[in-house]
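>>> From the sequence below, what's the structure:
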Amino acid sequence: MTTVAFLGIGLMGRPMAENLLKAGFKLNVWNRTLSKTTPLTQLGASAYASAADAVADAEIVITMLENGPVVEQVLFNDGVADSCRNGSLIIDMSSIPPEMAKHHAKRLSSLGMAYLDAPVSGGTVGAEQATLAIMAGGGKADFERAQPLFQALGKATYIGPSGSGQLAKCANQAIVGITIGAVSEALLLAAEGGADPAAVRDALMGGFAASRILELHGERMIERNFVPGATSRVQLKDLNTILDTADAESLTLPLAKTVRDSYQAMIDNGLEERDHSALLLQLEAINNTRLNDKPERNGTA
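Sure, this is the predicted structure:
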């Protein structure tokens, strides 16, 4: 039985870890707030107060953490890399800058470990249903080694060398952020003109504008359900990574920049913990209007 250490039990991490347990992996879990591991220990996982202790007997280590600096802190400052077994496979499923992923790959290789950057898309629904899209960068042999694990979480695609998985995630988040903005504007335009936005969404789902964002986040907007599956704060972080990466490649991405600025304004207004579909709220604020009169659900007290 393969022993997996899972570091980071958040909105995405918990259902992912549950699916690994269901698939028969022996699981060690760690989170800075240890109480978040309790539901997993009730399912058979072993919880550790120290990330370094959690990885000591693991053949595969998964990090699912908030951002690049946190990943670097846990891997290299909190003793994880020093505590891993020689030949272990580190899979970072967080969303971090591509250049940082390349740096981590080189550093871990020098310590005798393999590394994949394998961020995911699909949100909490995909994590719960084990239908995540997994974008992997690194060695092809390491990707094949990770296949049994990936199959328990969703569908994995090998993108290319280290950093490529994170580049694919940047592409994903550019499409997600820009499309959320487009859906927000389209539904508000329809409502202001006197159309029923729910009926407009239903009509568009049968045409060329159909998308997963229109389906799921369009419904969230209409129901005003902004309980986070993915927070606006994390979407802003990803958009900043996209623009930094583009700048390094001497690219100008005007749509991504416009949407980033809208998310920044939204977060400046205190909405950082709303679902990223709540970009609608920023559009409503600047137009002094509302899509509909339904009460907002946001998961706060």
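>>> Now do the strands in this structure.
Assigned by DSSP state E, the chain shows strands spanning 3-7, 26-30, 46-47, 60-63, 89-92, 114-117, 120-121, 132-138, 154-160.
>>> closest to Gln282 out of these?
Nearest of the strands of the chain to Gln282, taken as CB to CB: strand 120-121 at 22.7 Å. All C-beta spots, glycine's among them, are computed from the backbone N, C-alpha and C.
>>> Glu18 against Gln42, yeah?
No: using CB atoms under 8 Å, Glu18 is not in contact with Gln42, being 10.5 Å away.
>>> And those two? Which one has more around it.
Glu18 (19 against 8; other CB atoms under 10 Å).
>>> could you list every residue that touches that one?
Contact partners of Glu18, counting by CB atoms under 8 Å, 6 or more residues apart in numbering, are Pro39, Leu40, Leu43.
>>> Save the strands of the chain as a markdown table, and put in mean pLDDT and distance to Leu255 too.
Below are the strands of the chain laid out as a markdown table (pLDDT from 0 to 100; distance: least, CB to CB, whole Å):
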| stretch | mean pLDDT | distance to Leu255 |
| --- | --- | --- |
| strand 3-7 | 98 | 34 |
| strand 26-30 | 98 | 38 |
| strand 46-47 | 97 | 43 |
| strand 60-63 | 98 | 30 |
| strand 89-92 | 98 | 28 |
| strand 114-117 | 98 | 25 |
| strand 120-121 | 96 | 19 |
| strand 132-138 | 98 | 21 |
| strand 154-160 | 98 | 23 |
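>>> I'd like to know which of the ones you listed lies nearest to Leu279.
Proximity to Leu279 (CB to CB) singles out strand 120-121 among those, at 17.5 Å.
>>> Look up how far Gly163 lies from Leu243.
17 Å (CB to CB, to the nearest Å).
>>> thinking again about what came up before, when you check the contacts of Glu18 against the helices, which ones overlap?
Among these, DSSP state H puts Pro39, Leu40 in helices.
>>> what about the closest residue in space to Thr231 that isn't next to it in sequence, how many neighbours?
Distance criterion CB to CB, 6 or more residues apart in numbering; nearest residue to Thr231, sequence neighbours excluded, is Glu273 at 5.6 Å. The number of residues packed near Glu273 is 17, by other CB under 10 Å.
>>> I'd assumed Val234 was in contact with Glu273.
No: counting by CB under 8 Å, Glu273 does not reach Val234; the two are 9.9 Å apart.
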